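Peer 1: Predicted coordinates and the sequence they were generated for:
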Amino acid sequence: MDDVTRVGAYREAGRVRCDLRPGALSPRVLSAGRGTARVALVATRALLLGGDHVRVEVHVGEGVELELVEVSGTVAYAGRGRSASWDVDVRVDARGLLVWDALPFVVADGADVARSTGVALAAGDAHGAGGAALLRETLVLGRSGEAGGRLRSRTRVDVSAPGATRTSGGVGGTGELAAPEGSGPPWQNDPAGPEHVRELFVEDLDLGDDRALPGILGDARVVDSVLCLGTRPPAPASVPEETTAPRRPPPRTSAPFGPLRLDLDGPGAVARHLGASTHDAGIDVVVAAWTTAAREARAAVAGPPRDATPSPSVAAPVDTDHTDPRTTLLTTGA
């Protein structure tokens, strides 16, 4: 079954308008302020079964902060000979920020899953700030007592100049990403050359039968990662020592312990933990610290929104909720 879920957050007349299209996941607005929105993603049926092809498209408009909240994790069940896919495609415009602290994605015995994540960040505008994203991905191989099925995960992140063409990160895609119909401001697909798009992060993980070999995962069954994209997170020394992961590895595992930080050759970094369980990763602290830093960096250069009406009096706080959210939220679909 093919299901496309679309979430868009745009600034209009000083307000945030959310354009939500339910699919395998139903997006629901939790709150909306003058420049921020929180949207929950709720599964509309059992996920992920063999033959399912789930796609999530997210567009964060200029000067908007969007936080996606998952209410439950996802389990990919045995497909009985059929594979499944889970594709995420994200676009973040200038001075926009996406925060998505995703819950665990579990691959049960017998499952065959292809995951794809594509992120396009706008380059800095006249205000000097481009798009940014804070994404978490927790991959768990097998439920309790299981070895887990096969998982292939593909991640592509690029920084695009205004008007540049972006290619889709979806598995089996044509390479050309069309604009969602009626999803707010049109997505630009001008025929720009490849020099207008710069790769920030590229990764392919093929966790098949040989993943237990030394140098791949060993006996680890959890790959917990957080990506800070479009802005440089704080140095590790800024995280209090007493809140970091235990310095001793979990018993009976040869996998690296504690989150390992890798700085990208550009504005961003990756923190990753390989281990036997999710609770010993220490990634939660990193997510909190990096999210705060990304928000502070955005606030420092955000400046007044282009469509804001100046007022001689004191401006309202940026997190002030609208008294009538019905005037600013648009939900389409069943």
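Peer 2: In hand now; what should we look at?

Peer 1: Now Ala300, what are its backbone angles?
Peer 2: phi -70, psi -30 (degrees, to the nearest 10).

Peer 1: Check Ala299 too.
Peer 2: phi -70, psi -30.

Peer 1: Pull the number of nearby residues for it.
Peer 2: 14 (other CB atoms under 10 Å). Just so you know, the C-beta spots here come from the backbone N, C-alpha and C atoms, and that holds for glycine as well.

Peer 1: Would you mind measuring from it to Ala269?
Peer 2: 20 Å (CB to CB, to the nearest Å).

Peer 1: Check Leu66 too.
Peer 2: 21 Å.

Peer 1: Name the residue in these two with the higher neighbour count.
Peer 2: Just comparing Leu66 and Ala269: by other CB under 10 Å the higher neighbour count belongs to Leu66, 27 against 22.

Peer 1: beta partners of the more buried one?
Peer 2: Counting by DSSP bridges, Leu66 forms beta bridges with Ala37, Leu98.

Peer 1: I'd say it and Val39 touch.
Peer 2: Yes. Counting by CB atoms under 8 Å, Val39 is a contact partner of Leu66 at 6.7 Å.

Peer 1: Now do the buried residues in stretch 260-274.
Peer 2: Arg261, Gly266, Pro267, Gly268, Ala269, Val270, Ala271, Arg272, His273, Leu274 (16 or more other CB atoms under 10 Å).

Peer 1: Can you tell me the element the fifth one falls in?
Peer 2: Element membership of Ala269, judged by DSSP states H and E, is strand 268-275.

Peer 1: Parallel or antiparallel, which strands does that strand pair with?
Peer 2: If you go by DSSP bridges, strand 268-275 pairs up with strand 222-229 (antiparallel), strand 260-263 (antiparallel).

Peer 1: Tell me where the model's unsure across this structure.
Peer 2: 1-2, 125-128, 162-195, 236-258, 302-334 (pLDDT under 70).

Peer 1: Identify the residue nearest the geometric centre of it.
Peer 2: By CA atoms, centre = their mean, the chain has its centre lying nearest to Leu135, at 3.8 Å.

Peer 1: got a list of what that residue touches?
Peer 2: Val90, Leu98, Trp100, Ala102, Thr117, Val119, Val226, Leu227, Leu229 (CB atoms under 8 Å, 6 or more residues apart in numbering).

Peer 1: could I get those as JSON lines with distance to Leu49 and neighbour count?
Peer 2: Output for these, formatted as JSON lines (distance: CB to CB, whole Å; neighbours: other CB atoms under 10 Å):
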{"residue": "Val90", "distance to Leu49": "25", "neighbour count": "25"}
{"residue": "Leu98", "distance to Leu49": "28", "neighbour count": "27"}
{"residue": "Trp100", "distance to Leu49": "23", "neighbour count": "21"}
{"residue": "Ala102", "distance to Leu49": "19", "neighbour count": "17"}
{"residue": "Thr117", "distance to Leu49": "21", "neighbour count": "22"}
{"residue": "Val119", "distance to Leu49": "27", "neighbour count": "26"}
{"residue": "Val226", "distance to Leu49": "28", "neighbour count": "27"}
{"residue": "Leu227", "distance to Leu49": "28", "neighbour count": "26"}
{"residue": "Leu229", "distance to Leu49": "31", "neighbour count": "28"}
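
Peer 1: now those as TSV including distance to Gly131?
Peer 2: Shown next, in TSV, are those (distance: CB to CB, whole Å):
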residue	distance to Gly131
Val90	9
Leu98	8
Trp100	13
Ala102	19
Thr117	15
Val119	9
Val226	17
Leu227	13
Leu229	8
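
Peer 1: re the thing from before, can you name the two of the buried residues of stretch 260-274 that sit furthest apart?
Peer 2: Pro267 and Leu274 (25.3 Å; CB to CB).

Peer 1: what kind of secondary structure is Val301 in?
Peer 2: helix (DSSP: H, G, I helix; E, B strand; the rest coil).

Peer 1: typo on my end, it should be Leu48
Peer 2: Applying three-state DSSP: Leu48 is coil.

Peer 1: How about it, nearest residue that isn't a chain neighbour?
Peer 2: Spatial nearest neighbour of Leu48, chain neighbours left out: Ala76 (4.2 Å); criterion: CB to CB, 6 or more residues apart in numbering.

Peer 1: For that neighbour, which residues count as its bridge partners?
Peer 2: Under the criterion used (DSSP bridges), Ala76 bridges to Val107.

Peer 1: again, but for Arg15
Peer 2: Bridge pairing for Arg15 - DSSP bridges - gives Glu12.

Peer 1: Surely it and Ala9 touch.
Peer 2: No. Contact criterion CB under 8 Å: Arg15 and Ala9 do not qualify, at 10.8 Å.

Peer 1: Before I go, just wanted to say thanks for your time.
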